[in-house]
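A.B. asks: A predicted structure for the sequence below; I have some questions about it.
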2 protein chains.
Amino acid sequence: MRIYSATCLTLLCSLFMAFNAQAATHGTPSRGQIIKASKPSEWHALDPADTLYMYLPKGRVVIDLAPQWAPEHVANLKTLVRERYFDGTSIYRVVDNFVVQWGDPKAGKPGAKSMGKAKKTLPPEFVRHVNKSLPFVKLDSPDAYAPEVGFSGDFPVGRDPKNHTAWIAHCYGTVGVSRDIAPDSGNSNTLYAVIGTARRIDRNLAVVGRVVKGMPLLSSLPRGPKDNMGVYHDPKKATPILKVRLASEVPKSQRLPLEIMRTDSRSFHRLVEAAAHRHDAFYKTSPGHIGLCAALPPIRPIPQ
Amino acid sequence: MRIYSATCLTLLCSLFMAFNAQAATHGTPSRGQIIKASKPSEWHALDPADTLYMYLPKGRVVIDLAPQWAPEHVANLKTLVRERYFDGTSIYRVVDNFVVQWGDPKAGKPGAKSMGKAKKTLPPEFVRHVNKSLPFVKLDSPDAYAPEVGFSGDFPVGRDPKNHTAWIAHCYGTVGVSRDIAPDSGNSNTLYAVIGTARRIDRNLAVVGRVVKGMPLLSSLPRGPKDNMGVYHDPKKATPILKVRLASEVPKSQRLPLEIMRTDSRSFHRLVEAAAHRHDAFYKTSPGHIGLCAALPPIRPIPQ
């Protein structure tokens, strides 16, 4: 079992704990056991109208959209998708330990693709107002970037009770809209996904969703050169985007039916507690707390 | 300048800020400006006796060793390197958003390579005792995994004043020693480097250093299958390790002379402050604090 050293403790990697009899014998349920024991009502299917498929040569990236957080950016993104704006564009920038970025490398420059009916500028939807209808499950962990952290619907979020704002945190897989210096210059024609350490840009860009399947297709791409901010010098090194579709545009037989655990469920609470308080044999010191970005809700194919 | 959207804010990517006239006009020095203005005495050269070179087909990975933190693990690692134990082994496990792991995939199993004079078990050097001689520059940021965080020598560390312990944090690039369930089962024949979210294993594994150059050679490797804990089913997919050498074993003409900014220097303090309090034109909301793993000391070739 040597290979299990330094081991499979990621949320994406739940099999190990499911098989880890050691964990069970110590009385703490494993991640796999908690998921297995969860009720169907503790999960919800992704809404095809708010799910994006990005088709790359090696597979499909699935993005869970966040219209509650950046309504105009998500609406403009959907317009661009329906206009087939992204078909034939590319992932042309990969910054190690930060983001990958995609779209038309000529966007905003001569020779750029037409954005059709989509808007060119949008209001800066970097944070949203907290009201009573906004769900919030607080995570009891100190955080460098937000006075309060927790979960709202499918997303990890920060919250500032002083000014009643909340925002999606730049955890692994978070998808946002690139912009220029002007705060209203983002228009969803250029997107990025977080592949590393990026919380420091929280509250400064409009977040439109999170990659829930296919991150390895993005995270393992060759890094672009530092002397060009991660943008490949040679456009041929960019990864072609074959097409981008809303799941609702795709015939049902070609959809990937996925469900995500409800962050207000008892089972999600158990997962977070189990991650923060490890009593299995491998752990000599339990973390005590778990970081926001280490406690993302699990995603799985909808059981048939 | 569209491509600078969602932009070059990584510590590894300082050029952007150096060129960003906008930042300068707002009176806050950029990262590039702070580094440029730093004094030679605020940097120190990596010690060739405590620097590892891992040669891969596409380039060299440089590891800054941490003998002050896991003396027996580092000593055993050096013994294994001198025995040429790692030459011809491979990076055989890549877990997305967690770690890459290398060594002999058969370690601990029939057919394993001989470890020569190296020890088979070591005491669990997961944390160390805090004494007055241990440097500590406190970072004023809340942290989910440690009561106190900061920097000690070249490394980002956590500290617990209650039991007078400190440990290197599992930030991007941290190199540790894999082990089995038994705490003394690690012996430096299998190592991992952090490529994602891994702070939750702090204090549970012996950390032997940090990758200071060449992370993209590790982070962009194809991910291994989830159903096998990230271990490639096909050994041919593993990345060959041509050889591993201490820098001191390599002729001077073949060394990479690197220096790292002293974390107790005035310039490093300025870098941390500038990262936490952004007043350049791009930022609409300054982070206020910067996370431990987002504030690693810069590394550069020694100026000639």
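C.D. replies: Ah, there it is.
A.B. asks: for chain B, what's its nearest residue on the stretch 51-200 of chain A.
C.D. replies: In the stretch 51-200 of chain A, no residue comes nearer to chain B than A:Ser178, which is 3.1 Å away by Cβ to the nearest Cβ. The way it works is simple: take the backbone N, C-alpha and C, and place the C-beta from them, glycine included.
A.B. asks: need the pLDDT of that residue.
C.D. replies: With respect to pLDDT, A:Ser178 has a value of 97.
A.B. asks: same question, A:Arg2
C.D. replies: 37.
A.B. asks: same check, this time on the one 5 residues further on
C.D. replies: The predicted local confidence for A:Thr7 comes out at a pLDDT of 39.
A.B. asks: before we move on, the earlier item: what is the neighbour count of the residue of the stretch 51-200 of chain A closest to chain B?
C.D. replies: 26 (other Cβ atoms under 10 Å in any protein chain shown).
A.B. asks: what does A:Ile241 give?
C.D. replies: As a burial measure, A:Ile241 scores 21 neighbours (other Cβ under 10 Å).
A.B. asks: likewise A:Lys106?
C.D. replies: Count around A:Lys106 with other Cβ under 10 Å applied: 13.
A.B. asks: could you pull out the strands for the stretch 201-304 of chain A?
C.D. replies: In the stretch 201-304 of chain A, the segments counted as strands under DSSP state E, counting those that start in this stretch are A:206-213, A:239-240, A:243-246, A:258-261, A:299-301.
A.B. asks: neighbouring strands - and their directions - for the third one?
C.D. replies: Strand A:243-246 pairs in its sheet with strand A:51-56 (antiparallel), by DSSP bridges.
A.B. asks: got the angle for the strand it pairs with vs strand A:206-213?
C.D. replies: 70 degrees (axes from the mean of the first three to the mean of the last three Cα atoms, to 10 degrees).
A.B. asks: I'd like the next helix or strand past strand A:51-56.
C.D. replies: The helix or strand immediately downstream of strand A:51-56 is strand A:59-65, counting by DSSP states H and E.
A.B. asks: please name every helix or strand in contact with that next one.
C.D. replies: Contacts defined by 3 or more Cβ pairs under 8 Å, 6 or more residues apart in numbering or on different chains; DSSP states H and E place strand A:59-65 against strand A:51-56, strand A:206-213, helix A:215-219.
A.B. asks: try it again at 6 Å.
C.D. replies: Counting contacts by 3 or more Cβ pairs under 6 Å, 6 or more residues apart in numbering or on different chains; DSSP states H and E, strand A:59-65 packs against strand A:51-56, strand A:206-213.
A.B. asks: any idea of the mean pLDDT in that strand?
C.D. replies: Mean predicted lDDT for strand A:59-65 stands at 98.
A.B. asks: now that strand: buried residues?
C.D. replies: Buried residues in strand A:59-65, defined by neighbour count with 16 or more other Cβ atoms under 10 Å in any protein chain shown: A:60-65.
A.B. asks: low-confidence ranges, the stretch 1-150 of chain A, go.
C.D. replies: Scanning the stretch 1-150 of chain A for pLDDT under 70 picks out the ranges A:1-27.
A.B. asks: show me where it has its helices.
C.D. replies: A:15-19, A:21-25, A:31-37, A:71-82 (DSSP state H, counting those that start in this stretch).
A.B. asks: surely A:Tyr55 meets A:Leu242?
C.D. replies: Yes: using Cβ atoms under 6 Å, A:Tyr55 is in contact with A:Leu242, at 4.3 Å.
A.B. asks: the two: which is more packed in?
C.D. replies: Ranked by neighbour count (other Cβ under 10 Å), A:Tyr55 and A:Leu242 place A:Tyr55 first, with 18 against 14.
A.B. asks: hang on, the earlier thing: can you say which of the strands of the stretch 201-304 of chain A is packed in most?
C.D. replies: Among these, the stretch with the highest mean neighbour count (mean count of other Cβ atoms under 10 Å in any protein chain shown) is strand A:206-213, at a mean of 26.
A.B. asks: need the CA coordinates for it. PDB is fine.
C.D. replies: Extracted C-alpha coordinates of strand A:206-213, given in PDB (Å, rounded to 0.1, in the frame of the first residue of the first chain):
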ATOM      1  CA  ALA A 206     -17.100  38.800 -12.200                       C
ATOM      2  CA  VAL A 207     -17.400  35.100 -11.400                       C
ATOM      3  CA  VAL A 208     -19.800  33.200 -13.700                       C
ATOM      4  CA  GLY A 209     -19.500  29.600 -12.400                       C
ATOM      5  CA  ARG A 210     -17.300  26.700 -11.600                       C
ATOM      6  CA  VAL A 211     -15.800  23.800 -13.500                       C
ATOM      7  CA  VAL A 212     -17.400  20.700 -12.000                       C
ATOM      8  CA  LYS A 213     -16.000  18.100 -14.400                       C
END
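A.B. asks: wait, does that strand contact chain B?
C.D. replies: No: on the criterion Cβ under 6 Å from any Cβ of the partner chain, strand A:206-213 is out of touch with chain B, staying 10.2 Å away.
A.B. asks: just checking: what are the partner strands of that strand?
C.D. replies: Here strand A:206-213 is paired, per DSSP bridges, with strand A:59-65 (antiparallel), strand A:174-177 (antiparallel).
A.B. asks: any chance of the ones you listed in JSON lines, plus distance to A:Pro216?
C.D. replies: As requested, the strands paired with strand A:206-213 are exported to JSON lines (distance: least, Cβ to Cβ, whole Å):
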{"stretch": "strand A:59-65", "distance to A:Pro216": "9"}
{"stretch": "strand A:174-177", "distance to A:Pro216": "16"}
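A.B. asks: wait, which of these is closest to B:Asp227?
C.D. replies: Closest approach to B:Asp227 among these is made by strand A:59-65 (16.2 Å; Cβ to Cβ).
A.B. asks: what angle do the closest one and helix A:71-82 make?
C.D. replies: Computed by the same axes, to 10 degrees, the angle separating strand A:59-65 from helix A:71-82 equals 150 degrees.
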